[in-house]
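In: Just to be clear, the model below is a prediction. Sequence and coordinates:
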Amino acid sequence: MRLLLINPNTTEAMTAKMAAAARAFLPGVEVAASTGRFGAQYIASRASYAVAGHAALDCCARDGAGADAVLLACFGDPALDAIREVSPVPVISLVEAACAAAGDKGRRFSIVTGGERWGPMLREQVRAHGLDGQIASIRTVAPSGGVIAADPEAAYALLAETCRLCVAEDGAEAVILGGAGLIGIAAAIQPRVPAPVICSVVAGLEAAKLALGRASGGDGRTDAVATTGLSAELAALFSRGTLT
């Protein structure tokens, strides 16, 4: 079995950290990790998110052949629907996986992440997934996920207090720590939060483990069209209309 893990930002260290977690979580599974070749080092705005969608699709075109499942390792899902269109295997969304885990048995849940611009973007995604009735709140902290990833211990107290407020003030029965840059922090702050704290990356890996046993994803086809200025791999995908 082979899992393609796509990091649509350009921070190789973040990719390596998630790939190591994936290999530990999925022993016996080959984990191929792909980092965006262009774009922002951390996705923190609509502009960088738009570029990340292109980068994620480019990663899929470059490294997707032979994968049994794809994990789009960004809590925000840039180009999720596009990758699902061209992928013949399951494509895992961190947002879907984390919300499913946090909202199990009808629980109300909150989302905490880094970077204030993510607030309205995530509200739109939650609404699109039809989860308005279960969402208790979305809270952002001032440091972006990139800053938190660079020095996570400095952010522990702030994140723990924000999660605690989600429970105490917003009525959350579980809290998602959303973002690849926050990997590993949920377990560290759990003792300080009186409700389950869900790591979005761990939730994604749990979903990937189940997906690796499924036969297929979508039909793996898009319209074959001529293109200009794309990478060789992405241009070939559009020329064929298929990933391989």
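Out: Nice, thanks for sending it over. All of these numbers come straight from a predicted model, not from anything done at the bench.

In: And the pLDDT at the residue most central in space within the chain?
Out: Centroid-nearest residue in the chain, with CA atoms, centre = their mean: Cys74, separated by 2.8 Å. You'll see Cys74 listed with a pLDDT of 95.

In: Next, find the distance separating it from Leu94.
Out: According to CB to CB, to the nearest Å, Cys74 and Leu94 sit 7 Å apart. (Each C-beta comes from the backbone N, C-alpha and C, glycine too.)

In: Mutual contacts of the two, please.
Out: By the contact definition CB atoms under 8 Å, 6 or more residues apart in numbering, Cys74 and Leu94 are jointly contacted by Ala180.

In: Other residues contacting stretch 146-155?
Out: Against stretch 146-155 from outside (CB under 8 Å, 6+ apart): 11, 13-14, 17, 41-42, 44, 114, 141, 143, 159, 179-185, 188.

In: which parts of it are buried?
Out: Within stretch 146-155, the residues scored as buried using 16 or more other CB atoms under 10 Å are Gly146, Val147, Ile148, Ala149, Ala150, Pro152, Ala155.

In: Just the terminal-to-terminal distance for it.
Out: 12 Å (CA to CA, to the nearest Å).

In: Lowest mean pLDDT among the helices and strands, pick that one out for this structure.
Out: In the chain, no helix or strand scores lower on mean pLDDT, DSSP states H and E than helix 145-150, which sits at a mean of 77.

In: Same question for whichever helix or strand comes after that helix: list its buried residues.
Out: Next in sequence after helix 145-150, counting helices and strands by DSSP states H and E, comes helix 152-170. For helix 152-170, a neighbour-count test (16+ other CB under 10 Å) marks Pro152, Ala155, Leu158, Leu159, Ala160, Thr162, Cys163, Arg164, Leu165, Cys166, Val167, Asp170 as buried.
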